[in-house]
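In: okay, structure incoming, though there's no sequence with it:
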């Protein structure tokens, strides 16, 4: 009986995963096309119109879309991609950035690593290091360094944002307030020379802003696709000297606004 219940639970879990994947696909289609029609979605995704209507109702409740007669349209903002989706983007560029950043970390350093895919690649290149302390809010970094015996790992545990696989909130900030570091490495969903780091939530930007003040040196790791982009409405200003580390694919037009700032060093790798 226990095996049968376990099998049923597995089937139900797979069903939920498929529903979640379907809703993510619908959200991306609306973001790309602007509008969708229930009947067309049902045919293309091989489900019933009533299933599509339930998906659209849930996405509307989440603020991702707005309903229209017979379909839906974009709610006017970008759908935040999951960490899994972002991990497949700019893979080589993120790895080069992470490798460069790892080379800047010396023996005995204490460093803060933000949550994200690029900082995850930085953590990957620290696995064989010794005499190092890493403070992080990101599950990707925790996974990379969980078995790195030479690295002391401190977690800023708080409330987990499932979509970005990072901890945020007052508990994470309380832990961070008791710590300082030699170097801080931040990621970004978007980066603007004037406004700073753009993220999907105020909890993220609050923690990033606090991280930026806890280290002697500050680096923002952002591949060129992030430069000049503002996909969301929450911002973490960068009101101190810092270094932008990006890939060699960044254009002069993208880098110009950052190079014009007196307290910003621009590094391409």
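Out: Ah, there it is. Since this is a predicted model, take the numbers as computed values, not measurements.
In: what about residue 106, how many residues nearby?
Out: 12 (other CB atoms under 10 Å). Backbone N, C-alpha and C define where each C-beta goes, glycine included.
In: can you give me the pLDDT of it?
Out: Per-residue pLDDT puts residue 106 at 97.
In: next: the one 3 residues further on.
Out: At residue 109, the model reports a pLDDT of 98.
In: helix, strand, or coil at the closest residue to it other than its chain neighbours?
Out: Taking CB to CB, 6 or more residues apart in numbering, and ignoring the residues beside it in sequence, residue 109 has residue 182 as its nearest neighbour in space, at 4.6 Å. With DSSP: H, G, I helix; E, B strand; the rest coil as the basis, residue 182 sits in strand.
In: contacting residues for residue 182?
Out: 109-111, 215-217 (CB atoms under 8 Å, 6 or more residues apart in numbering).
In: kindly give a single PyMOL line that selects the buried subset of those residues.
Out: Only the buried entries of the contacts of residue 182 go into this PyMOL selection, using 16 or more other CB atoms under 10 Å:
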select buried, resi 109+110+111+215
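In: tell me the domain ranges of the chain?
Out: 15-79, 84-268 (automatic domain parsing).
In: and the shortest one, average pLDDT?
Out: Across domain 15-79, pLDDT averages out at 79.
In: the contacts of residue 182: which two are farthest apart?
Out: 110 and 217 (11.5 Å; CB to CB).
In: for residue 73, which non-adjacent residue is spatially closest?
Out: Nearest one to residue 73, counting by CB to CB, 6+ apart, is residue 35 at 4.6 Å.
In: could you pull up the residues touching that neighbour?
Out: 68, 71-74.
In: narrow those to those that are buried.
Out: 71-72, 74.
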